[in-house]
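Student: predicted structure and sequence below. I'll ask about it afterward.
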Amino acid sequence: MLRHRRELLGFATAGLLAYAVDLALFTWLRGPAGLGPLTAKALSFLAGCTVAYAGNAHVTYRDTRVRGPRPYAVFFAVNLAGAAVQLLCLAVSHYGLGLTSQRADTISGAGVGMVLATAVRFWGTRTLVFRNGGRVGSWTG
């Protein structure tokens, strides 16, 4: 049980740091830099994804085996799935509902979207990228 708490704490810590990078960069790109909401989110996502991978690979899952020869590529694909969730939230809010302010974009893309995407990212990271005790994504033992 302690191992699971450490995993969750490590994943949450790496995620919070990545979230801070994502949010700060998105806010700057959307505001002072003047980029559109989807471009700003795509760029901030790339930066956050790299921070999250480094945190998970070097801290959270440092003692576990990596699945496959290209763990960053798989991690990136998992995070693309999460990003798709975030972008969908942003697109629905901005273009579908007409909520076009910077605040609305930040709440939908970096708030609601991030929460929903976190579940996708946690499952994919522990199941597809890193192994625990030889069993992919195992919570037993």
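Tutor: Good, I have the coordinates.
Student: how about the strands in the chain?
Tutor: Applying DSSP state E to the chain gives strands spanning 65-66, 130-132, 135-136.
Student: who are the contact partners of residue 119?
Tutor: Going by C-beta atoms under 8 Å, 6 or more residues apart in numbering, residue 119 touches no other residue. (Glycine included, C-beta is placed from N, CA and C.)
Student: biggest helix in this protein, by residue count?
Tutor: Longest helix in the chain, counting residues (DSSP state H): helix 2-30.
Student: buried ones in that helix?
Tutor: For helix 2-30, burial by neighbour count (16 or more other C-beta atoms under 10 Å) applies to 7, 10-11, 14-15, 18-19, 21-23, 25-27, 29-30.
Student: run through this structure and note the low-pLDDT ranges.
Tutor: Scanning the chain for pLDDT under 70 picks out 132-141.
Student: ok, which stretches of it are helices?
Tutor: 2-30, 37-55, 71-91, 102-106, 113-124.
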